[in-house]
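I would like to see how this sequence folds:
(2 chains)
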Amino acid sequence: MRLTLKIWRQENAQSKGVMTTYPIDNISPDMSFLEMMDVLNKELIEKGDSPVAFDHDCREGICGMCSMFINGEAHGPDRNVTTCQLHMRKFKDGDTIHIEPFRAKAFPVIRDLVVDRSAFDRIQHAGGFISVNTSGNTQDANSIPISKYDADTAMDAATCIGCGACVATCKNSSAMLFVGAKVSQFALLPQGQVEAADRVQNMVDQMDLEGFGNCTNTGACEVECPKGISLDNIARMNRELLKSKVL
Amino acid sequence: MSNLKSNVPEGPLKDKWTNHKNNIDLVNPANKRQIDVIVVGTGLAGASASATLAELGYNVKTFCFQDSPRRAHSIAAQGGINAAKNYQGDGDSTHRLFYDTVKGGDYRSREANVYRLAEVSANIIDQCVAQGVPFARDYGGLLDNRSFGGVLVSRTFYAKGQTGQQLLLGAYSAMNRQIGRGKIKMYNRHEMMDIVKIEGKARGIIARNLVTGEIERHSAHAVVIASGGYGNVFYLSTNAMGSNVSAAWKIHRKGAYFANPCFTQIHPTCIPVSGDHQSKLTLMSESLRNDGRIWVPKNLDDVKAIREGKLKPVDLSEDDRDYFLERRYPAFGNLVPRDVASRAAKERCDEGFGVNATGEAVYLDFAAAILRYGKEKAHIKGLDENDEALVKKLGKEVVKAKYGNLFQMYFKIVDQDPYETPMMIYPAVHYTMGGVWVDYNLMTTIPGCFAIGEANFSDHGANRLGASALMQGLADGYFVLPYTIGDYLSEDIRTGAIPTDIPEFDQAEAEVKAQIESFVNNKGTKSVDYFHKKLGKIMWNKCGMSRNAEGLNQAIKEIQELREDFYKNVCVPGTSAEFNEELAKAGRVADFLELGELFAKDALERTESCGGHFREESQTPEGEALRDDANFTFVSAWEYTGRPSDAILHKEELIYDNIELKTRSYK
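Modelled structure (predicted):
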């Protein structure tokens, strides 16, 4: 395949970025999108140019490190995949592909396609945990039965990989799907009840502090989420927040 | 014979750990506040250790090269975590888990360490549930278990096919609580460049900020290496792109012995390589072998026709198929341990029976399982069991419920529907049993420097059983290191903060900077990946699933030449004072180029076959691995002396007081 890539280049957080055009040839449809980027970078390095910086690590769709806004969509045109699992067979010979970083006020660009998502970590520091020390004397794992439905629903929320596609996709740059997923996981389990009120308030406060926008129920985040995290989690978080204020 | 002290406590096996905990020194809570600990890596071992040490009151500084601790590659583990809970009442016990692990490791691990691992395994599950890890449950609300290869009980706890993710997020949440309290200072996007020793003790590290390129000095009273395994020495593996040996290798260069580097696990069920562009390999969980049957065609004509696209695998009759695992190992069939299954697939492909264009793939076929489940379902529902279309439809639903996410992943990568045509799989590098040598306290041969998780060598011998890596990572980090490190640190309560403006830090920093500058000023012509791929090919072809003296000698020579070429001709664009991934990669590949040679040297030295290490010279007439207990019941611990070829071998004799050494047989 022969393609034209238009890629956001930005040297560092302070500099201004530009879209730069790169033609590329001999791309196999079996390559992953990031392997196509590897080919481009190899060519750039051999020409003495600087390679395009992008985040990536596990390349099997679970670490949440890869990002990229491809032709206007977080993780590109395929559904339920991260960029590392997007394959070039989803594109046609001769296509022009626009590649940009995940954009949000709370995700400043570090270089090219690499952004700083540490705001997500700080939201987790505020309350994304159950306060239990490691002791070796914790009660037996089977001492509290948990209904299969609750355990499975908690698991569905817990599969969030923290990639930030929801934020990049949302017109308000809202992080409600991300935060809602973590709040839901603990809200659905008995272990999470003791601190539930403090947790949801602290996490939401931190989310607002980081400069994420609000949710207007567009639902784009759910569509673009590589793990299919449901909008229900936002509703559950709102319920938890309301409950924490009135009870 | 050896200066290695394993420091295994005296007494009966089952009392060793309890007695040890009762007898070691403790640090009082007020003094813990005066003590700093550095942890490098945030996978299961590093994250659980960081959180637990901070809970105890130590000041912890934790480093990871990713943008968040949650991204460490433990996140990718699929299948599950073992624990001797015996919730199923099927006869499991601490002793049985201990025995299975030692036997599965082909009798090359340390008894006392493995027993302790089995002993604390049950605590791990309790701890994780308390943290809110959503393990799979049955309809009664209790925890569910599944079975894994090489064992006779169901002791594996799981969270769908994402157990590693959920356990890591649990440990990450425990870390977050401590980061929020200020007890852990987290350094994301930082790489450890070297260790700093003062009067022989580990007292700090030199780190590089990967965003700004800045070189930083960090001091501590102890340094914990939890940086994972070195499978990426093969370039292609199931490891993450950034997984590297550098932290482990840097401490090796400064005095930590490196143990059993040749013990590498090659996992049988991975998606095959599709071309030269390939950057990494993807695992298909071992659980698939519960229902998938592995085969290749019996006749080479059919292989040729399949490769040319003239014949479809589904059209080949049963008589023309060779279910080679079922043929060779009737007792265990498709569920033989990983090393055995991998070698058998390689043997068929070497004979020319590989089914894809590269000749390196075998089929993993679910057609029989779909029919079996479909008939069962039709029977339950009172429908026509002879209606083939209906049975297939019902069967596919059952298979989808069990393995849906894996089938989807396969479809996305290969673009073939595994419900309709058999999967193609081939073995790939997955895990490294070898690693930094540690004693019973998980301390390396550098005082004050500890190694935990996959980074150390201690528990899996020559082959690891499925669902045991997660167990070991969390056992080390939650339940072992927090005790043993206290014993060491109890001597440091009056030391006070370690200064960083002293000659030892000056020198280490100067060395790090010199290497970095030599890379960016090299102005070579070949990319870092060029060398990494070349190294990977040498390793795969000569140090892979089967090894012989001639190949290993060649590998050593070729790696030496490649290393020379690398330093002469590597091209690292950009500068040292910016975000520069090529520069980070260059440093990692430089270390792989040394480790690779030691790996080959170790494999050459060990002329027996055991576990994942198969020497062609040492096999039975049927082609099975032949161990040599009389001469090789020891751990090879290598001391660095300047070049890998000059490394000195120290042997730690392995003593089996509680288990009788037997030949593994799966026939």
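
all strands for the stretch 201-350 of chain B, in order.
With DSSP state E, counting those that start in this stretch as the criterion, the stretch 201-350 of chain B has strands at B:201-209, B:215-219, B:222-225, B:258-259, B:264-270, B:293-297, B:321-322.

what does chain A give?
Per DSSP state E, chain A carries strands over the ranges A:3-9, A:18-24, A:69-70, A:73-74, A:96-100, A:109-111, A:114-115.

so which of those comes closest to residue B:70?
Between residue B:70 and the strands of chain A, the shortest gap by CB to CB is with strand A:114-115, which sits at 15.9 Å. C-beta here means a position set from N, CA and C on the backbone, and glycine is covered the same way.

hang on, the earlier thing: among the strands of the stretch 201-350 of chain B, which is nearest chain A?
Of all the strands of the stretch 201-350 of chain B, the one in closest proximity to chain A, counting by CB to the nearest CB, is strand B:264-270 (10.6 Å).

on contacts alone, who are the packing partners of that closest one?
Judged by 3 or more CB pairs under 8 Å, 6 or more residues apart in numbering or on different chains; DSSP states H and E, strand B:264-270 is in contact with helix B:338-350, strand B:423-432.

which of the ones you listed sits most buried?
Counting by mean count of other CB atoms under 10 Å in any protein chain shown, strand B:423-432 has the highest mean neighbour count of those, with a mean of 26.

what's the following helix or strand after it?
For strand B:423-432, the following helix or strand on the C-terminal side (DSSP states H and E) is strand B:435-436.

I'd like the distance from that following strand to the chain centre, please.
11 Å (CA atoms, centre = their mean, to the nearest Å).

Show me what it is packed against.
Looks like strand B:435-436 contacts helix B:246-253, strand B:258-259 (3+ CB pairs under 8 Å, 6+ apart).

Identify each buried residue in the following helix or strand past it, please.
Downstream of strand B:435-436, the first helix or strand assigned by DSSP H and E is strand B:449-451. For strand B:449-451, the neighbour count (16 or more other CB atoms under 10 Å in any protein chain shown) marks B:449, B:450, B:451 as buried.

residues in contact with the closest residue to chain A within the stretch 101-250 of chain B?
Closest contact between the stretch 101-250 of chain B and chain A, by CB to the nearest CB, is at residue B:141 (3.0 Å). Residues near residue B:141 by CB atoms under 8 Å, 6 or more residues apart in numbering or on different chains: A:145, A:146, A:147, A:148, A:151.

From residue B:563, how far out is residue B:596?
From residue B:596 over to residue B:563 the distance is 9 Å, taken as CB to CB, to the nearest Å.

of the two, who's got more company?
Under the neighbour definition other CB atoms under 10 Å in any protein chain shown, residue B:596 and residue B:563 were set side by side, and residue B:596 has more, 29 against 21.

which residues does that one contact?
Applying CB under 8 Å, 6+ apart to residue B:596 gives the contacts B:233, B:535, B:538, B:539, B:543, B:555, B:559.

Am I right that it falls within a helix?
Yes: counting by DSSP: H, G, I helix; E, B strand; the rest coil, residue B:596 is part of a helix.

thought residue B:278 was touching residue A:34?
No: Residue B:278 is beyond contact range of residue A:34, at 11.3 Å (criterion: CB atoms under 8 Å).

sorry, back to before: highest mean neighbour count across the strands of the stretch 201-350 of chain B, which stretch is it?
By mean count of other CB under 10 Å, the strands of the stretch 201-350 of chain B have strand B:222-225 as the most buried, with a mean of 30.

now for that strand, which elements pack on it?
So strand B:222-225, by 3+ CB pairs under 8 Å, 6+ apart, packs with strand B:36-40, strand B:201-209, helix B:246-253, strand B:449-451, helix B:481-489.

now with 6 Å?
Identification of packing neighbours for strand B:222-225 by 3 or more CB pairs under 6 Å, 6 or more residues apart in numbering or on different chains; DSSP states H and E yields strand B:36-40, strand B:449-451.

quick one, which of those strands is nearest to residue A:91?
Residue A:91 lies closest, by CB to CB, to one member of the helices and strands packed on strand B:222-225: strand B:36-40, at 39.8 Å.

ok and that closest one relative to strand B:215-219, angle-wise?
If you take axes from the mean of the first three to the mean of the last three CA atoms, to 10 degrees, strand B:36-40 sits at 130 degrees to strand B:215-219.

who are the neighbours of strand B:36-40, in terms of helices and strands?
So strand B:36-40, by 3+ CB pairs under 6 Å, 6+ apart, packs with helix B:44-56, strand B:59-63, strand B:222-225.

for whatever residue of chain A ends up closest to chain B, what are its contacts?
The nearest approach of chain A to chain B comes at residue A:145, 3.0 Å away (CB to the nearest CB). When contacts are counted by CB atoms under 6 Å, 6 or more residues apart in numbering or on different chains, residue A:145 touches B:141, B:142.

Please spell out the PyMOL selection for the buried subset of the contacts of residue B:141.
Entered in PyMOL, the line below selects the buried ones among the contacts of residue B:141, by 16+ other CB under 10 Å:
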select buried, chain A and resi 146+148+151
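
Rebuild the contacts of residue B:141 as TSV, extending it with pLDDT.
Below are the contacts of residue B:141 laid out as TSV (pLDDT from 0 to 100):
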residue	pLDDT
A:145	97
A:146	97
A:147	96
A:148	94
A:151	96
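
Longest helix in chain B, please.
helix B:388-414 (DSSP state H).

Which other helices and strands does it contact?
For helix B:388-414, the packing partners by 3+ CB pairs under 6 Å, 6+ apart come out as helix B:367-381.

Could I get the buried residue list for the helix it packs on?
Buried residues in helix B:367-381 (16+ other CB under 10 Å): B:367, B:369, B:370, B:372, B:373, B:374, B:375, B:377, B:378.

Against chain A, how distant is the nearest residue to residue B:623 once chain neighbours are set aside?
Of all residues not flanking residue B:623 in the chain, residue B:347 sits nearest, at 7.1 Å (CB to CB, 6 or more residues apart in numbering or on different chains). Residue B:347 is 27 Å from chain A, where distance means CB to the nearest CB, to the nearest Å.

one step back: out of the strands of chain A, nearest to residue A:234?
Between the strands of chain A, strand A:73-74 lies closest to residue A:234; by CB to CB that is 17.1 Å.

right, is stretch A:226-245 up against chain B?
No: judged by CB under 6 Å from any CB of the partner chain, stretch A:226-245 makes no contact with chain B; its nearest approach is 9.5 Å.

Identify the residues contacting that stretch?
So stretch A:226-245 is in contact with A:75, A:80-82, A:157, A:159-161, A:176-177, A:180-181, A:183-184, A:187, A:197, A:200-201, A:204, A:215, A:219, A:222, going by CB under 6 Å, 6+ apart.
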